[in-house]
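J.: Sequence unavailable; structure follows:
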């Protein structure tokens, strides 16, 4: 069974540019999560989807971050415009009904 | 969510058992204890979870004290590939969000 797929794996952009990350969850998993992980820290939740509905986006900086999960499968996380402090790893996870989450490899973003 | 406390780092000799402790003294009711690990440059990986009874799977064993205020993750025969950051998490009843904290960095030494 394929795991959570994320792309790209690495992205380097200049500040003020837009960037987008894509996630394909495990087939059949209704819940999808986006996490942010800074160097030396544990992942922090940005947004959680149940099917196509964002049920927890309280930690998502809505002035520059946006996310969507059309059709309740794939999801895209966007930053516009990117700032230097956005350099981090962006992780996507999915879970079936329940608590165990399965993570993708992440996208490492570097903002110059 | 119940707060968890873990040592920042531990070493373990290859082939020996690695015992990773976690305190969760404010755990209550039906809150489960989850363990994940994160190998360098990879996403977190689920290991095991439990409520009251000890649990074992192909990766590890989880020992939860009778008062449920602490637990220990046991890797019975640590290998170099077990070098990772290990996170002990108590998500809270009805909560899907995992608070990872900073975990324990386990280094398996040849």
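T.: Perfect, I can see it now. Not measured: the values here are computed from a predicted model. Residues are numbered from 1 along each chain as shown, chains lettered A, B, ... in the order given.
J.: can we go C-alpha only for contacts and neighbour counts from here?
T.: Fine.
J.: Pick out the residue of chain A closest to chain B.
T.: Nearest residue of chain A to chain B, counting by Cα to the nearest Cα: residue A:105, 4.6 Å away.
J.: On the pLDDT front, check that residue for me.
T.: Residue A:105 carries a pLDDT value of 96.
J.: buried residues in stretch B:49-59?
T.: B:49, B:50, B:52, B:56 (16 or more other Cα atoms under 10 Å in any protein chain shown).
J.: That stretch: end-to-end distance?
T.: 12 Å (Cα to Cα, to the nearest Å).
J.: now, the most widely separated pair of the buried residues of stretch B:49-59?
T.: The most widely separated members of these are B:52 and B:56, with 12.7 Å between them, by Cα to Cα.
J.: residues from chain B in reach of chain A?
T.: When proximity is defined by Cα under 8 Å from any Cα of the partner chain, chain B lies next to chain A at B:41-46, B:96-103.
J.: Strands of chain B, residue ranges please.
T.: B:9-13, B:18-23, B:33-38, B:45-50, B:55-56, B:61-64, B:70-75, B:84-89, B:104-109 (DSSP state E).
J.: will you turn those strands into JSON lines that also has distance to residue A:11 and mean pLDDT?
T.: Output for the strands of chain B, formatted as JSON lines (distance: least, Cα to Cα, whole Å; pLDDT from 0 to 100):
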{"stretch": "strand B:9-13", "distance to residue A:11": "31", "mean pLDDT": "97"}
{"stretch": "strand B:18-23", "distance to residue A:11": "35", "mean pLDDT": "97"}
{"stretch": "strand B:33-38", "distance to residue A:11": "21", "mean pLDDT": "96"}
{"stretch": "strand B:45-50", "distance to residue A:11": "23", "mean pLDDT": "95"}
{"stretch": "strand B:55-56", "distance to residue A:11": "39", "mean pLDDT": "96"}
{"stretch": "strand B:61-64", "distance to residue A:11": "38", "mean pLDDT": "97"}
{"stretch": "strand B:70-75", "distance to residue A:11": "35", "mean pLDDT": "97"}
{"stretch": "strand B:84-89", "distance to residue A:11": "24", "mean pLDDT": "96"}
{"stretch": "strand B:104-109", "distance to residue A:11": "27", "mean pLDDT": "98"}
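J.: ranking those by burial, who's on top?
T.: With neighbours taken as mean count of other Cα atoms under 10 Å in any protein chain shown, the strands of chain B reach their highest mean count in strand B:84-89, at a mean of 26.
J.: Give the pairing partners of it; include direction for each.
T.: strand B:33-38 (antiparallel), strand B:104-109 (antiparallel) (DSSP bridges).
J.: List the residues that contact residue A:89.
T.: The neighbours of residue A:89, taking Cα atoms under 8 Å, 6 or more residues apart in numbering or on different chains as the test, are A:36, A:37, A:38, A:106, A:107, A:108, A:109.
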